[in-house]
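how would this look folded up:
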Amino acid sequence: MRGSCLVFALLVLVCGDASAGLFGSKSDKAESKAKKDSIEKKDSESSAKETKEGSGSSDIACVVNGEKIARSKVLESLKGAKDPAQKTSMYRESVGRLVFSTAVLQSAKKSGIANSPEFKQILDMLTNEVLVKMFISSKQKAIKDSISKDVLEKKMDEIQKMGGDQIRLQQIVVFDKQKAEQIRKAAASNGKDFMKLAQQYSAAKDDIDLGWKAAFTMGDVIGKAAANSIEIIPDKNGAFRIIKIAERRKLSDRALLAQLAGNILFESALKEFFAEIRDKAEVVVYDVDGKKVSDAKKWLSGQ
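Residues are numbered from 1 along each chain as shown. Okay, the predicted model is just below:
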């Protein structure tokens, strides 16, 4: 019996630490319980978040391959829809388009095209185009804001003293003088619609209606021509402009006069701004034979 007690005591001394590791002390059990509670809390929060995202309060319209698209962005395009059924239908169609376009864009990105020289070249071109447009837009706003009331009134008085007429112009651009004469005669004698002739023959179909201009800014030939008359004006680029004075009117309305004066001042200031940029630029030009031009700016102006 005494030997059995001794053996038991030895086992306790040797295995005490191991038994603690197996069964744990009170402090170990408390720590384990705290960890378990923390994990359960996180799981609960995660579940609540998933439930919220699946409810109507979520700002997610769709998720495409893990990419979330905001519901609020889709709803912005539906502000005009008042009927609930129409709104639901439009929303579904919008989300469908977003799913498709997002999936296609994701596939395009994965294809590696973005790393190609062609893509980078096009991207540079688009970047430069947007940069120039934003630069010009900001300058246009600055010019408009800089036109004072006194300067505007002075220009209005000047226009009235010079006749105050306003003319609306249309044009057909061709590069053959004989063709220009034929078109002018057809438009004048046969009574053919000038706009139809322009759509058929003009080399500048996006620049047919030139809008209203101050008569005194268009020179004697066009500025003094009667309404419905048609004139041919050659330009320095080798083109022949068949110009029709579509309408002519007196500027008796003060608001129209102010608008015309403002446009003249704005165009003049913008032209000066671009001329200043051009004149300050250091330019080297080579002609068609590859020879260096001695006076680049004079050569570019056609002199």
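
Can you get me a residue count around Lys155?
Lys155: 21 surrounding residues under other Cβ atoms under 10 Å. Using the backbone N, CA and C atoms, a C-beta is placed for each residue, glycine as well.

So what's the predicted local confidence for it?
Among the per-residue scores, Lys155 shows a pLDDT of 90.

With Glu282 instead?
pLDDT, Glu282: 88.

how about the helices in the stretch 101-250 of the chain?
For the stretch 101-250 of the chain, the helices defined by DSSP state H, counting those that start in this stretch cover 117-146, 149-161, 177-189, 194-201, 219-223.

Mind listing what's buried along the first one?
Residues of helix 117-146 classed as buried: Ile143 (neighbour count, 16 or more other Cβ atoms under 10 Å).

residue nearest the centroid of the protein?
Computing the C-alpha centroid of the chain and ranking residues by Cα atoms, centre = their mean puts Val130 first, at 7.0 Å.

residues touching it, list them.
Val130 makes no contacts at all, as judged by Cβ atoms under 8 Å, 6 or more residues apart in numbering.

Can you check the pLDDT for it?
94.

and if you look at Leu78?
Residue-level pLDDT assigned to Leu78 equals 81.

and it, that's in a helix?
No: when the secondary structure is assigned by DSSP: H, G, I helix; E, B strand; the rest coil, Leu78 falls in coil instead of a helix.

Tell me which residues touch it, please.
Here Leu78 is in contact with 87, 90-91, 94 (Cβ under 8 Å, 6+ apart).

Then Ser252?
Going by Cβ under 8 Å, 6+ apart, Ser252 touches Gly164.

what's the pLDDT at it?
Reported pLDDT for Ser252: 71.

That one and Lys68: what is the separation?
60 Å (Cβ to Cβ, to the nearest Å).

Endpoints of stretch 71-89, how far apart?
End-to-end distance of stretch 71-89 (Cα to Cα, to the nearest Å): 15 Å.

Show me which residues of it are buried.
71, 74.

roughly how far out does it sit from the chain middle?
Distance of stretch 71-89 from its chain centroid, counting by Cα atoms, centre = their mean, to the nearest Å, is 24 Å.

do stretch 84-95 as well
The answer for stretch 84-95 is 27 Å, by Cα atoms, centre = their mean.

What of stretch 259-275?
Chain-centre distance of stretch 259-275: 24 Å, with Cα atoms, centre = their mean.
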